[in-house]
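Visitor: Pasting a predicted model and its sequence here:
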Amino acid sequence: MRHLGWARMRPRGRTGEGETIPSEEVLPHHADRSETGCGLSVRWCVIGGVAIVLGKPGVDGLSEVVGVLREWQYDGAPMQLHPGDLGWFWRLGAEATAAAVRMWSRDRQILAVGLLDGPGLLRLTIAPGAQREEELAQQLVEDVTEPERGVLPEGKVNIEAPMGALVQDLLFEDGWNADEPWTPLRRDLTVPVKDPGVRIEVVGPEQAHVFAAVHRAAFDGSRLTDERWHAMAAGLPYADARCLDAYDDQGNAVAAVTVWSAGPGRPGLLEPMGVHREHRRHGYGEAITGAAAAALQELGSSSAIVCAPSSNVGAVATYKSAGFQQRPEVRDQFRDA
């Protein structure tokens, strides 16, 4: 979300176009694979007689991960990892997405999910009822701070976690620092959404090249291609998603957005949204954002959410002009090299 090409695009790789290189996870010598029931690539420890398992889902397990992320979305929740974030990452392919996901489970129930959105950024969220659980928080801290556990490498790294989760407190106690502020915004979709005032088209396979071209023109360094759009559209989360293009009076595609529903009655996400660099300052950002809200409303979402760098005052102002309400700032945490 830099200038008027936003959503959650971050220069350090949050929604960058590079491949994520997964780390190898090692099963401790004392662990019996038959006892974990979580596949071949897991790490576990026993706390109070109950095993907390760190693992990768594999391609076949992504459906369960997407499902729990949908269940964890609710109005009033802190800004957190959304199934749409996995959906956008899916442009790199199902195998790359599975390799970038980490999950923590107990008794085969997923308690936390992390997405390595770049080699040094873990986007972590936790089941609503477990965000203040001490044992889980302690295990998360151990797993993210020890590189041999296959979550984060050595050196400078960042973690995004829900504000108020105990893991944040423990990371601060362990010497982690707060990073630059971001501004979440939310729009209620129980009220009517006005017409955007420009031509809007839903992107299908035949228009993938148009969407990809606008994205490349909106985000410096973007390498979105037709092939990556098709990979994203083939992903599980895209069944509840839409890509939209906005056009000017001359028929030029000027802005694009992808919206991700988490199911009826749950918040939907804008990720990403951008305006073509040659067509900025004409109100197209507000127009495509309004169209995005309308699309999520049609998909049954209760609200639309998005997050922008607080330093990008233009982005925040545009979302607010499209009917979004600003919420308290959030910050990632980082560990210096």
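Guide: Great, that's in hand. Numbers count the residues shown, from 1 in each chain.
Visitor: In the helix or strand hosting A51, which residues are buried?
Guide: Per DSSP states H and E, A51 falls inside strand 50-55. By neighbour count on 16 or more other Cβ atoms under 10 Å, the buried set for strand 50-55 is 51-55. From N, CA and C alone the C-beta is placed, and that goes for glycine too.
Visitor: Looking at those residues, spot the one nearest G93.
Guide: G55 (19.9 Å; Cβ to Cβ).
Visitor: Quick check, that closest one in contact with V101.
Guide: No: when contacts are counted by Cβ atoms under 8 Å, G55 is not listed as touching V101 (9.4 Å).
Visitor: Parallel or antiparallel, which strands does the strand holding A51 pair with?
Guide: Partners of strand 50-55 in the sheet, by DSSP bridges, are strand 42-47 (antiparallel), strand 101-106 (antiparallel).
Visitor: Now that strand - C-alpha only, PDB.
Guide: Extracted in PDB, the C-alpha atoms of strand 50-55 (Å, rounded to 0.1, in the frame of the first residue of the first chain):
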ATOM      1  CA  VAL A  50      -0.400 -32.000  26.000                       C
ATOM      2  CA  ALA A  51       1.600 -31.800  22.800                       C
ATOM      3  CA  ILE A  52       1.700 -28.600  20.900                       C
ATOM      4  CA  VAL A  53       2.800 -29.500  17.300                       C
ATOM      5  CA  LEU A  54       4.500 -27.100  14.900                       C
ATOM      6  CA  GLY A  55       4.100 -28.300  11.300                       C
END
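Visitor: ranges for the strands of the stretch 151-300 of the chain?
Guide: Using DSSP state E, counting those that start in this stretch, the strands found in the stretch 151-300 of the chain span residues 157-160, 177-188, 199-202, 241-247, 253-260, 267-275.
Visitor: export the ones you listed to TSV and tack on distance to E148 and mean neighbour count?
Guide: Formatted as TSV, the strands of the stretch 151-300 of the chain follow (distance: least, Cβ to Cβ, whole Å; neighbours: other Cβ atoms under 10 Å):
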stretch	distance to E148	mean neighbour count
strand 157-160	14	24
strand 177-188	23	18
strand 199-202	46	15
strand 241-247	36	22
strand 253-260	34	27
strand 267-275	32	28
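Visitor: just how off-centre is the strand holding A51 within its chain?
Guide: Centroid separation for strand 50-55 versus its chain: 23 Å, with Cα atoms, centre = their mean, to the nearest Å.
Visitor: Following element in sequence after that strand, please.
Guide: For strand 50-55, the following helix or strand on the C-terminal side (DSSP H and E) is helix 58-71.
Visitor: what does that next one rub up against?
Guide: Contacts of helix 58-71 with the rest of the structure, by Cβ atoms under 8 Å, 6 or more residues apart in numbering, involve 39, 41, 57, 81-83, 86, 94-95, 97-98, 101, 103, 110, 113, 125, 127, 236-237, 262-263, 266.
Visitor: Make a PyMOL selection of whichever of those residues turn out to be buried.
Guide: The following PyMOL line selects those of the contacts of helix 58-71 that are buried, judged by 16+ other Cβ under 10 Å:
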select buried, resi 41+57+81+82+83+86+94+97+98+101+103+110+113+125+127+236+237+262+263+266
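Visitor: In helices, which of the contacts of helix 58-71 fall?
Guide: Those of the contacts of helix 58-71 mapping onto helices are 83, 86, 94-95, 97-98, per DSSP state H.
Visitor: which two in the residues you listed are spaced the farthest apart?
Guide: Pairwise across these, and taking Cβ to Cβ, the largest span is found between P83 and E95, at 18.4 Å.
Visitor: show me where pLDDT drops low in this structure?
Guide: Along the chain, the model assigns pLDDT under 70 to residues 1-49.
Visitor: what residues are up against the residue nearest the centre of it?
Guide: Centroid-nearest residue in the chain: D85, 2.8 Å away (criterion: Cα atoms, centre = their mean). Shown in contact with D85 (Cβ under 8 Å, 6+ apart): 8, 115, 117, 123, 269, 271.
Visitor: Closest one of the residues you listed to R149?
Guide: Proximity of the contacts of D85 to R149 (Cβ to Cβ) peaks at L115, which lies at 16.3 Å.
Visitor: tally of neighbours for that closest one?
Guide: Neighbour count for L115, taken as other Cβ atoms under 10 Å: 23.
Visitor: Could you give the number of residues near A137?
Guide: A137: 22 surrounding residues under other Cβ under 10 Å.
Visitor: which SS state does it fall under?
Guide: Following DSSP: H, G, I helix; E, B strand; the rest coil, A137 is assigned to helix.
Visitor: Now do it against Q168, distance only.
Guide: 9 Å (Cβ to Cβ, to the nearest Å).
Visitor: neighbours of G204, just the number please.
Guide: Applying other Cβ under 10 Å, we find 10 residues neighbouring G204.
Visitor: Likewise for N252?
Guide: Neighbourhood size, N252 [other Cβ under 10 Å]: 12.
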